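K.L.:
pasting the structure only:
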């Protein structure tokens with residue numbers, strides 16, 4: 001038994017009545033911001049499934065804006081369960097003496113959590129037409145939780161829309177990676193902040209892929225790690241964000257339902273009319289926030305605490321959020337560059353041929369012979385190799401055209417490398433010295449980010465939306 005297993009067994013012995021043995025503890029795939037484990041324990045001679053949420057690699061994560069801590073997340077689940085929200089029972093909250101980092105042990109609940117499966121598997125065919133309405137009802141119950149009587153007002157931050165945008169922009173600037181679409185969207189959001197709202201408990205990550213679904217509806221709402229008190233329309237916009245539609249962009253609520261059904265379910269329980277303009281603001285913010293969060297994953301890959309290929313791959317998904325911002329704020333004509341035939345032809349085999357060989361090895365040999373997290377990481381690695389191959393094919397021409405557009409856009413001040421010009425544009429957008437309604441600016445942003453998504457994730461629905469406008 002490893003030291004991890006031994007410490008975990010000691011926790012379970014004190015938390016679970018009749019505990020006899022920890023049979024296994026398997027880390028599940030996904031979970032880029034927190035780790036999730038499936039635990040099998042033997043109690044009173046019978047096996048039982050449990051779940052554990054833990055900070056990545058057992059590190060202690062500093063609490064800050066938008067992150068209350070895993071101990072507070074456990075309290076949020078308990079409060080939600082008491083208010084009639086489907087939520088797992090929490091059995092034990094880890095302490096420093098346990099030696100496992102921050103986290104908690106909870107009930108294992110059945111249900112599908114993979115968003116890509118929720119939108120298409122036959123087992124959920126009967127519930128999908130009603131799922132948007134049900135999700136609206138559950139979300140209304142969350143927003144009806146009283147922060148004062150539950151004690152959540154003592155441990156959660158109150159965050160205004162302005163603070164949400166400014167905090168996200170501050171994180172983005174810390175990563176020192178100029179992304180003009182993010183600068184543009186940040187300025188638009190600050191110019192269009194919602195002001196008239198009644199603060200409520202905000203889950204923040206209520207979306208397809210983070211809700212447990214069964215043929216009966218919503219089985220559980222997990223992962224409350226970023227909850228705060230603020231504008232409740234934030235949650236309504238988040239579940240409608242295109243990244244969480246899993247390719248079904250025509251169904252704006254999680255890829256399975258309509259705005260009308262979702263809003264009707266919410267209004268039926270809350271008694272509060274949905275402000276659709278505020279929902280649109282938060283939908284734009286959702287894509288903006290996700291674009292920055294992906295850059296954060298790339299930063300974690302470079303600087304710790306987790307240098308897995310999963311983090312690096314998620315970093316490349318920033319362009320997905322950015323193309324969604326473009327589609328929402330400045331739709332228009334988009335063209336993709338032709339793939340270049342000028343890859344390195346000197347080597348035998350060429351660079352791209354070597355990379356394709358690595359990709360084929362991962363997909364055709366490693367994946368069929370593995371399972372669980374190893375299988376998942378092999379798929380992530382193969383997808384990452386695909387990105388490099390597309391970068392070799394299209395990147396040089398896309399960069400050349402971007403450089404020429406930036407020179408025209410910036411005029412005489414447009415001097416230096418492509419990176420330097422990107423910085424100049426980002427700085428101009430931040431300073432407010434470039435008008436957001438400039439047709440030349442919007443065209444540049446559309447073309448640049450569309451070609452980046454074509455490299456990073458050519459099957460992403462946001463790219464197809466941009467190309468069809």
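P.N.:
Done, it's in. Keep in mind it's a predicted model, so treat the numbers as computed, not measured. Residues are numbered from 1 along each chain as shown.

K.L.:
list the contacts of stretch 217-227.
P.N.:
Applying CB atoms under 8 Å, 6 or more residues apart in numbering, the contact partners of stretch 217-227 are 33-34, 53, 66-68, 70, 72-73, 76-77, 80, 85-88, 109-111, 127, 130-131, 134-135, 138, 142, 152, 156, 201-206, 210-213. Backbone N, C-alpha and C define where each C-beta goes, glycine included.

K.L.:
buried subset of those residues as a ChimeraX selection?
P.N.:
Here is the ChimeraX command that selects the buried residues among the contacts of stretch 217-227 (16 or more other CB atoms under 10 Å):
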select :33,34,53,66,67,68,70,72,73,76,77,80,85,86,87,88,109,111,127,131,134,135,138,142,152,156,201,202,203,204,205,206,210,211,212,213
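
K.L.:
among the contacts of stretch 217-227, which lie within helices?
P.N.:
70, 72, 73, 76, 77, 80, 130, 131, 134, 135, 138, 142 (DSSP state H).

K.L.:
for residue 238, see how far away the third one is.
P.N.:
So the one you mean is residue 73. 17 Å (CB to CB, to the nearest Å).

K.L.:
and if you look at the first one?
P.N.:
Here the distance between residue 70 and residue 238 works out to 21 Å (CB to CB).

K.L.:
same question, the second one
P.N.:
From residue 72 over to residue 238 the distance is 19 Å, taken as CB to CB.

K.L.:
same deal with the fifth one?
P.N.:
Using CB to CB, one obtains 19 Å as the distance from residue 77 to residue 238.

K.L.:
same thing with the fourth one?
P.N.:
When CB to CB is the yardstick, residue 76 and residue 238 sit 16 Å from each other.

K.L.:
kindly report the same for residue 288.
P.N.:
Using CB to CB, which is the criterion applied here, residue 288 is 11 Å from residue 238.

K.L.:
the more surrounded of these two?
P.N.:
It is residue 288, of residue 288 and residue 238, that has more neighbours when counted by other CB atoms under 10 Å, with 30 against 26.

K.L.:
go ahead and confirm that one touches residue 325.
P.N.:
Yes - between residue 288 and residue 325 there is a contact under CB atoms under 8 Å: 5.7 Å.

K.L.:
shared neighbours of these two, anything?
P.N.:
Common neighbours of residue 288 and residue 325 (CB under 8 Å, 6+ apart) are 182, 185.

K.L.:
residues contacting residue 284?
P.N.:
185, 188, 189, 237, 325, 328, 329.

K.L.:
now residue 459, what's its secondary structure?
P.N.:
Assigned by DSSP: H, G, I helix; E, B strand; the rest coil, the conformation of residue 459 is coil.

K.L.:
got a list of what it touches?
P.N.:
Neighbours of residue 459 in contact, by CB under 8 Å, 6+ apart: residue 247.

K.L.:
can you tell me how far it sits from residue 1?
P.N.:
43 Å.

K.L.:
can you check residue 205 too?
P.N.:
The separation that residue 205 has from residue 1, given CB to CB, amounts to 34 Å.

K.L.:
check residue 120 too.
P.N.:
41 Å.

K.L.:
more neighbours: these two, which one.
P.N.:
Higher neighbour count among residue 120 and residue 1: residue 120, with 15 against 9, using other CB under 10 Å.

K.L.:
pLDDT score for the more buried one?
P.N.:
As predicted, residue 120 sits at a pLDDT of 96.

K.L.:
could you measure from it over to residue 196?
P.N.:
39 Å.

K.L.:
what does residue 226 give?
P.N.:
For residue 226, the distance to residue 196 - CB to CB - is 24 Å.

K.L.:
what about these two, which has more around it?
P.N.:
residue 226 (15 against 7).

K.L.:
could you find the closest non-adjacent residue to that one?
P.N.:
residue 204 (4.1 Å; CB to CB, 6 or more residues apart in numbering).

K.L.:
likewise residue 119?
P.N.:
Nearest non-adjacent residue to residue 119 (CB to CB, 6+ apart): residue 255, at 4.1 Å.

K.L.:
kindly report the same for residue 18.
P.N.:
residue 44 (3.9 Å).

K.L.:
mind listing what's buried along the lengthiest helix in the chain?
P.N.:
In the chain, assigned by DSSP H, the helix with the most residues is helix 372-410. Under the neighbour-count criterion of 16+ other CB under 10 Å, helix 372-410 has 373, 376-395, 397-398, 401-402, 405-407, 409-410 buried.
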